[in-house]
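Engineer: Sequence below, structure please.
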Amino acid sequence: MSLTAPARRRGAERAAWLLILPFCLLFLAFTAWPVVQSLFMSLTDTRNRDLRTPFAVEFAGLGNYVQAFADPLFRTAAANTAYFVLVGVPLTLAIALVAAVVLDKGISRFRAFFRLGFYTPVITSIVAVAVVWRFLLQDEFGLINTVLGWVGITGPNWLGDPDWSMPALILMAAWRNFGTAMIIFLAGLQAVPASLHEAASIDGAGAVTRFRYITLPLLRPTLLFVSVTTAIGYLQFFEEPYVMTNGGPLNSTISASMYTYRQFGFGNYGYASAMSYLIFVVIAIVTALQFRLLRERG
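Structural biologist: Predicted coordinates:
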């Protein structure tokens with residue numbers, strides 16, 4: 001006896017729910033519940049000593065958030081993060097776009113080789129990257145200062161001078177992360193119809209004009225995606241200062257995420273949770289502004 005259509009549909013629905021049930025349980029246990037718990041914790045004065053008696057913590061309301069805004073070190077960390085994002089994101093995107101254009105037009109014959117080479121830093125361990133860049137940025141015998149010395153320029157103490165430590169980390173982050181954006185830009189460039197460039201060339205448009213009026217407008221969705229994802233990553237930057245400078249010198253490279261991590265390490269769970277949500281709010285605002293800006297320009 002064959003099943004009716006409604007019965008088959010109900011069976012398919014039950015099978016689908018059974019398949020996604022493990023994911024739903026894992027999501028609730030390891031994502032949704034920690035998010036709710038950390039939000040509640042951000043409204044309390046939870047500290048390390050309170051973990052054994054979680055119901056004895058005192059409700060602090062918005063006190064942790066007020067404390068964060070009044071904390072001079074958190075303000076320093078937030079300013080460092082803003083500096084890192086405002087300089088690092090445009091630099092990374094510019095390097096990635098130039099590399100993608102060169103691979104798309106200039107050296108297409110060896111595209112696969114260079115694409116792999118440019119992407120390798122992305123998948124390389126941050127510890128290995130730190131070892132290489134510590135050598136490059138060493139003030140006396142580092143490769144960068146040695147090259148600068150060849151042209152008569154005295155290189156700075158990149159990691160020991162508060163004025164140069166953040167630019168050094170930005171250079172390292174741009175070198176390490178531009179490969180991802182480059183791959184995405186390259187895919188976007190290859191989707192631009194060649195007929196548009198050919199028609200513009202016949203009309204006498206040069207390469208720069210074609211890039212400005214044809215390529216860039218068609219790359220706008222790709223640019224939006226890459227800029228948003230890069231900004232989100234850089235707003236949470238942690239690895240670079242952690243492995244290179246530990247936030248120094250003189251807290252010139254401490255980031256908001258790193259300061260939050262330290263507060264968790266000190267056992268100030270309520271305060272650290274509040275800072276985590278402040279970072280989340282900033283990320284949401286920056287993402288919304290980027291979408292709105294590019295939509296208006298489009």
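
Engineer: What are the neighbouring residues in contact with the most centrally placed residue in the chain?
Structural biologist: Compute the mean C-alpha point of the chain, and by C-alpha atoms, centre = their mean the closest residue is residue 233, 1.3 Å away. Applying C-beta atoms under 8 Å, 6 or more residues apart in numbering, one finds that residue 233 lies in contact with residue 177. All C-beta atoms are positioned from the backbone trio N, CA, C, and that covers glycine.

Engineer: check which helix or strand covers it.
Structural biologist: Taking DSSP states H and E as the criterion, residue 233 maps to helix 220-235.

Engineer: List the buried residues in that helix.
Structural biologist: 222, 223, 224, 226, 227, 228, 230, 231, 232, 233, 234, 235 (16 or more other C-beta atoms under 10 Å).

Engineer: per the record, what domains does this protein have?
Structural biologist: 5-56, 65-297 (automatic domain parsing).

Engineer: If you average pLDDT over each of the ones you listed, which is lowest?
Structural biologist: Mean pLDDT values for those show the minimum at domain 5-56, a mean of 79.

Engineer: how near is the residue nearest to the centre of the chain to residue 80?
Structural biologist: In this view, residue 233 and residue 80 are 16 Å apart by C-beta to C-beta, to the nearest Å.

Engineer: likewise residue 35?
Structural biologist: Where residue 80 is concerned, residue 35 sits at a distance of 26 Å (C-beta to C-beta).

Engineer: Pick out whichever of the two has more residues nearby.
Structural biologist: residue 80 (24 against 12; other C-beta atoms under 10 Å).

Engineer: Give me the neighbour count for residue 116.
Structural biologist: 10.

Engineer: tell me which element it falls in.
Structural biologist: helix 111-123.

Engineer: okay, the domains of the chain, which one's buried deepest?
Structural biologist: Greatest average neighbour count among the domains of the chain goes to domain 65-297 (a mean of 17), per mean count of other C-beta atoms under 10 Å.

Engineer: now it: how far from the chain's centre is it?
Structural biologist: With C-alpha atoms, centre = their mean, to the nearest Å as the basis, domain 65-297 stands 7 Å off its chain's centre.

Engineer: One more: stretch 286-298?
Structural biologist: On C-alpha atoms, centre = their mean, the centre of stretch 286-298 falls 18 Å from that of its chain.

Engineer: dump the residue contacts of residue 95.
Structural biologist: When contacts are taken as C-beta under 8 Å, 6+ apart, residue 95 is in contact with 174, 178, 182.

Engineer: Need those residues in a markdown table (columns: secondary structure).
Structural biologist: As requested, those are exported to a markdown table (DSSP: H, G, I helix; E, B strand; the rest coil):
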| residue | secondary structure |
| --- | --- |
| 174 | helix |
| 178 | helix |
| 182 | helix |
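
Engineer: Contact partners for residue 224?
Structural biologist: By C-beta under 8 Å, 6+ apart, the neighbours of residue 224 are 290, 291, 294.

Engineer: Is the second one in a helix, a strand, or coil?
Structural biologist: Going by three-state DSSP, the secondary structure assigned to residue 291 is helix.

Engineer: measure residue 284 to residue 292 for me?
Structural biologist: 13 Å.

Engineer: just residue 148 next, same as before
Structural biologist: Taken as C-beta to C-beta, the span from residue 148 to residue 292 is 42 Å.

Engineer: Kindly report the same for residue 197.
Structural biologist: 30 Å.

Engineer: which residue packs closest to residue 61, ignoring adjacent ones?
Structural biologist: residue 43 (6.1 Å; C-beta to C-beta, 6 or more residues apart in numbering).

Engineer: What does residue 206 show for phi and psi?
Structural biologist: phi -80, psi 180 (degrees, to the nearest 10).

Engineer: My error: substitute residue 253 in the last question.
Structural biologist: When read as degrees, to the nearest 10, the backbone of residue 253 gives phi -120, psi 10.

Engineer: where's the spatially closest residue to it that is not a sequence neighbour, which helix or strand?
Structural biologist: Distance criterion C-beta to C-beta, 6+ apart; nearest residue to residue 253, sequence neighbours excluded, is residue 241 at 4.3 Å. Using DSSP H and E, residue 241 sits in helix 239-244.

Engineer: Kindly format the C-alpha coordinates of that helix as CSV.
Structural biologist: Only the C-alpha atoms of helix 239-244 are listed here, as CSV (Å, rounded to 0.1, in the frame of the first residue of the first chain):
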residue,chain,number,x,y,z
GLU,A,239,46.9,37.6,17.8
GLU,A,240,49.3,40.2,16.5
PRO,A,241,49.9,42.2,19.7
TYR,A,242,49.7,39.0,21.8
VAL,A,243,52.5,37.2,20.1
MET,A,244,54.6,40.2,19.0
